[in-house]
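1. Below is the structure, and that's it, no one-letter string:
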């Protein structure tokens, strides 16, 4: 239904005839022609709103039970983004008290589980952390000019934490941590394979990076972009 009005606006007479049943179901009773597209989309939009009113009314009643209606009314802009997606997610707007996540916030929240000081593993792990921070900063910088990268920025935080925004309460923001683990033994654990990807635990707010496959920033960027683009579960190839 969300895209239906756009489909109508881009249709010719033949396509509109194919949509007749759906248009009539929305309450439109006039001629279904190209000249009437504006009237048709207006009827569709009205139908969508009317359908939503009982749902929103029920939602409001639920908020009342927990005393949230007054809070929502008082903090409209703060709460808007809990219900309406807003891009870019990696821009922190302190002036409007809308606390969205940025690269600096994620960087401060990183809590790495590092190997023993002086070990070979320990020498590799800071490089992965640096790659991650560079990746986030690049997303933020490029995302200001590229909507697709804004979407990736939004997805990154939600991919790791399960949330599209940072904690709203100050005390929760101050203790918020993203645990970073390092997998050094993927070949021992999984046998011969060409590539494996970061593993996230959104409930535990942690991410595990396969160090053996992240020797350079280019490898890291390609690996993480693939993880963000194609989903949450990956196999070894």
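-> Yep, that arrived. On a predicted model such as this, the values are computed, not experimentally measured, just so you know.
2. pLDDT value on the nearest residue to residue 217 once chain neighbours are set aside, please?
-> Nearest residue to residue 217 in three dimensions, chain neighbours excluded: residue 131, at 5.2 Å (C-beta to C-beta, 6 or more residues apart in numbering). Any C-beta I mention is one placed from the backbone N, CA and C, and that applies to glycine too. Here, the pLDDT recorded for residue 131 equals 96.
3. Double-check that residue 131 belongs to a strand.
-> No: with DSSP: H, G, I helix; E, B strand; the rest coil as the criterion, residue 131 is helix rather than part of a strand.
4. didn't it look like it was pressed against residue 213?
-> No: in this structure residue 131 lies outside contact range of residue 213 using C-beta atoms under 8 Å: 11.6 Å.
5. which secondary structure elements does the strand or helix carrying residue 181 contact?
-> Assigning secondary structure by DSSP states H and E places residue 181 in strand 178-183. Packing partners of strand 178-183 (3 or more C-beta pairs under 8 Å, 6 or more residues apart in numbering; DSSP states H and E): strand 110-112, helix 120-143, strand 206-210.
6. ok, and the helix or strand in the chain with the lowest average confidence?
-> helix 147-161 (a mean of 64; mean pLDDT, DSSP states H and E).
7. for the next helix-or-strand element following it, packing partners?
-> Toward the C-terminal end, the helix or strand that comes next after helix 147-161 (DSSP H and E) is helix 170-175. Helices and strands touching helix 170-175, by 3+ C-beta pairs under 8 Å, 6+ apart: there are none.
8. Would you indicate which residues of helix 170-175 are buried?
-> Across helix 170-175, burial judged by 16 or more other C-beta atoms under 10 Å covers no residue at all.
9. Equivalent analysis for stretch 132-139, please.
-> Those buried within stretch 132-139 under the rule 16+ other C-beta under 10 Å are 132, 135-137, 139.
10. a markdown table please, covering those residues and showing distance to residue 207.
-> Listed next are those as a markdown table, based on distance: C-beta to C-beta, whole Å:
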| residue | distance to residue 207 |
| --- | --- |
| 132 | 9 |
| 135 | 12 |
| 136 | 12 |
| 137 | 17 |
| 139 | 15 |
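11. Where do the domain boundaries of the protein fall?
-> Domain assignment for the chain by automatic domain parsing gives 4-74, 89-230.
12. Out of those, which is the most enclosed?
-> Mean neighbour count, computed with mean count of other C-beta atoms under 10 Å, is highest for domain 89-230 among the domains of the chain, reaching a mean of 16.
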